[in-house]
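> predicted model and sequence follow; I will ask about them next.
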Amino acid sequence: MDTTTFKHPPYLKRELYLSRIRPFIGRDLIKVLTGLRRSGKSVMLELIKDELVEHGIAPEQFIHINFDSALLPFPLTRQGAFDYIRAKVEAGAGQFHVFLDEIQDLPEWEKMVNSLMIDFDADIYITGSNAKLLSGELATHLTGRYIQVKILPFSYAEFLEVHKAENTRGNFELYLLRGGMPFLNVESISMERAREYLLDIYETIVSKDIVSRYEVRDIELLRRILLFFFSNIGNVFSAKSIIKFLKSEYRSSSNETLYNYIEYAKTAHLLYQVPREGLAGKKHLHFQEKIFVADTGLRNALLHRGLEDIGQLLENAVYLELLRRGYNVTVGKIGEQEIDFVASGAKGKFYIQVCYILYDKEVLRREFSPFEKIPDNEPKYVVSMDETNFSHNGYKHYNIRDFLLSDDF
């Protein structure tokens, strides 16, 4: 497989997400797709439309508006959007399928959507790049009348599928380097052009989804804090450690500002904050969280790094896969030892340790020994780049590529 460019069909049928949406197509529920900018939400709308067309829905029964467009055929107001959709609906017949893309840019959009639900026979789909799209006033207007699907960049399985590639170490390392942003995986783009594209995404998120939305004044401070987190994915952080870092950069910040900036980045789906819990006492440990990023390609582009921090990239990839599959994830602590991930979901609960390679007995002991202190019989996995299987004492070892493709969890 060429490590610089790819050529393949432009669409991947993302069945993981379609299977979650399909039961609600045509139903009186708003389908809400949230996720990082350019992670594939708009393409998901096209895939849904394709399914509807296959079931006989005529083109004139679709209304599709992208609120990111500078060429909207109506004023960017709640009433302007409603009047435009109303005219379309009243000129036609039957149920309309309404697709509202990046709707967070429309003031009072939740009231407009609520009106559509009440006044028309409409099958409604909305997308947004803000994690708080479904909080506050929307929850009041639409309680019990929506389902949410979180869209993430391509998984490793999707990466292999779209490239028609084999599960090899080289392809996996390329996935870690470039990440899973869909456009990079459906176009023929060099590594340098890919980096430019990813930096453009990053700048758009920072400027539009954080700085403008939350009226951030100290933009340089925000950038330095984000840089700290992108450089330290998978490491435990505290407000004290970040403030110390900022002092070394001749900057200062209060705890309140720091945690506000983290929250802004989380709502933009740029960062994920994972709490730690004490596995013996089952208590959450404050100010001892970890941060992971939305895409390893974004991280590598911003820091201009390759695989020299591969341990961090592996941990980030595992976290995103757990999130993608709908697990609730924490970091476990038992005594002085740590469990990288504690995952709970529909298939139960399990524990995961992630490392680069199990190269000697001391590393084996370090990765497996924390499991011995956990007072339950739930599955416990160690995941690494090793090709040799080191499973023992009932604890299962996985090569990370096989783990990410596994149906065992």
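Received it, and whenever you're ready, just let me know what you need. Residues are numbered from 1 along each chain as shown.
> now Lys396: which helix or strand?
strand 396-399 (DSSP states H and E).
> what's in contact with that strand?
358, 379-387, 389-391, 406 (CB atoms under 8 Å, 6 or more residues apart in numbering). (Each C-beta comes from the backbone N, C-alpha and C, glycine too.)
> and with 6 Å instead?
Strand 396-399 is contacted from outside by Tyr381, Val382, Val383, Asn389, Phe390, Ser391, using CB atoms under 6 Å, 6 or more residues apart in numbering.
> repeat for stretch 38-51
Contacts of stretch 38-51 (CB under 6 Å, 6+ apart): Tyr17, Leu33, Gly35, Phe99, Asp101, Tyr125, Thr127, Ile151, Pro153, Met181, Pro182, Ile201.
> one step back: can you lay out the contacts of strand 396-399 as CSV showing pLDDT, distance to Ser188 and neighbour count?
Formatted as CSV, those follow (pLDDT from 0 to 100; distance: CB to CB, whole Å; neighbours: other CB atoms under 10 Å):
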residue, pLDDT, distance to Ser188, neighbour count
Tyr381, 97, 37, 23
Val382, 98, 38, 24
Val383, 98, 32, 26
Asn389, 95, 37, 11
Phe390, 95, 39, 16
Ser391, 95, 41, 12
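> can you name every helix or strand that the helix or strand following the strand holding Lys396 contacts?
Remark: after strand 396-399, the chain's next helix or strand is helix 400-405, criterion DSSP H and E. Here helix 400-405 touches no other helix or strand, going by 3 or more CB pairs under 6 Å, 6 or more residues apart in numbering; DSSP states H and E.
> please, a ChimeraX command that selects the buried ones among the contacts of stretch 38-51?
Selection command for ChimeraX covering only the buried members of the contacts of stretch 38-51, criterion 16 or more other CB atoms under 10 Å:
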select :17,33,35,99,101,125,127,151,153,181,182,201
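> from the contacts of stretch 38-51, pick the one nearest Val89.
Taking CB to CB as the measure, Val89 lies nearest Phe99 of the contacts of stretch 38-51, at 13.6 Å.
> element containing the closest one?
Assigned by DSSP H and E, Phe99 falls in strand 96-101.
> next helix or strand past that strand?
Counting by DSSP H and E, what follows strand 96-101 is helix 109-119.
> quick one: whichever helix or strand comes after that following helix to helix 109-119, angle?
Scanning forward in sequence from helix 109-119 by DSSP H and E, the next helix or strand is strand 122-128. Relative orientation of strand 122-128 and helix 109-119, computed by axes from the mean of the first three to the mean of the last three CA atoms, to 10 degrees: 170 degrees.
> now do strand 122-128 against strand 96-101, angle only.
10 degrees.
> ok, Asp376 to His397 distance?
For Asp376, the distance to His397 equals 19 Å [CB to CB, to the nearest Å].
> who has more neighbours out of these two?
Ranked by neighbour count (other CB atoms under 10 Å), Asp376 and His397 place His397 first, with 20 against 8.
> quick one, grab the pLDDT at that one.
His397 carries a pLDDT score of 97 in this model.
> who's sitting farthest from the centroid in this protein?
Here the centre of the chain is the reference, and by CA atoms, centre = their mean the most remote residue is Ala91, at 38.8 Å.
> which phi and psi does it have?
With angles defined as degrees, to the nearest 10, Ala91 sits at phi -90, psi -10.
> before we move on, what about Ile65?
Per degrees, to the nearest 10, the backbone of Ile65 is at phi -130, psi 130.
> beta-bridge partners for the spatially closest residue to it that is not a sequence neighbour, please?
Nearest non-adjacent residue to Ile65, counting by CB to CB, 6 or more residues apart in numbering: Leu100, 5.6 Å away. Bridge pairing for Leu100 (DSSP bridges) gives the partners Ile65, Ile126.
> can you tell me how far Leu100 is from Asp123?
In terms of CB to CB, Leu100 sits 12 Å off from Asp123.
> which one's more surrounded, the two?
Remark: of Leu100 and Asp123, Leu100 carries more neighbours, 25 against 22, as counted by other CB under 10 Å.
> so the more buried one sits against Thr127, correct?
No: counting by CB atoms under 6 Å, Leu100 stays clear of Thr127, with 7.4 Å between them.
> mutual contacts of the two, please.
Between them, Leu100 and Thr127 share no contacting residue, judged by CB under 6 Å, 6+ apart.
> neighbouring contacts of the host helix or strand of Leu174?
If you go by DSSP H and E, Leu174 is part of helix 169-178. Applying CB under 6 Å, 6+ apart, the contact partners of helix 169-178 are Met1, Thr3, Tyr156, Phe159, Ala165, Leu184, Ala194, Thr296, Gly297, Asn300, Leu313, Arg401.
> and the residue nearest to Phe228 when sequence neighbours are not counted, backbone torsions?
In this structure, Phe228 finds its nearest non-sequential neighbour in Phe245, 5.4 Å apart by CB to CB, 6+ apart. Backbone torsions of Phe245, given as degrees, to the nearest 10, read phi -60, psi -40.
> Asp386 too?
According to degrees, to the nearest 10, Asp386 has phi -60, psi 140.
> kindly report the same for Leu29.
phi -140, psi 140.
> look at it and report its pLDDT.
93.
> Asn377: how many residues sit nearby?
7.
> would you map the strands across the protein?
Shown for the chain, the strands assigned by DSSP state E span residues 30-35, 62-66, 96-101, 122-128, 146-151, 236-237, 271-278, 283-293, 328-334, 337-345, 348-354, 380-384, 396-399.
> need the CA coordinates for the fifth one. CSV is fine.
Provided in CSV are the C-alpha atoms of strand 146-151 (Å, rounded to 0.1, in the frame of the first residue of the first chain):
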residue,chain,number,x,y,z
TYR,A,146,-34.9,13.2,19.8
ILE,A,147,-32.1,10.6,19.6
GLN,A,148,-28.5,11.5,19.4
VAL,A,149,-25.7,9.7,17.4
LYS,A,150,-22.1,10.8,18.0
ILE,A,151,-20.0,10.7,14.8
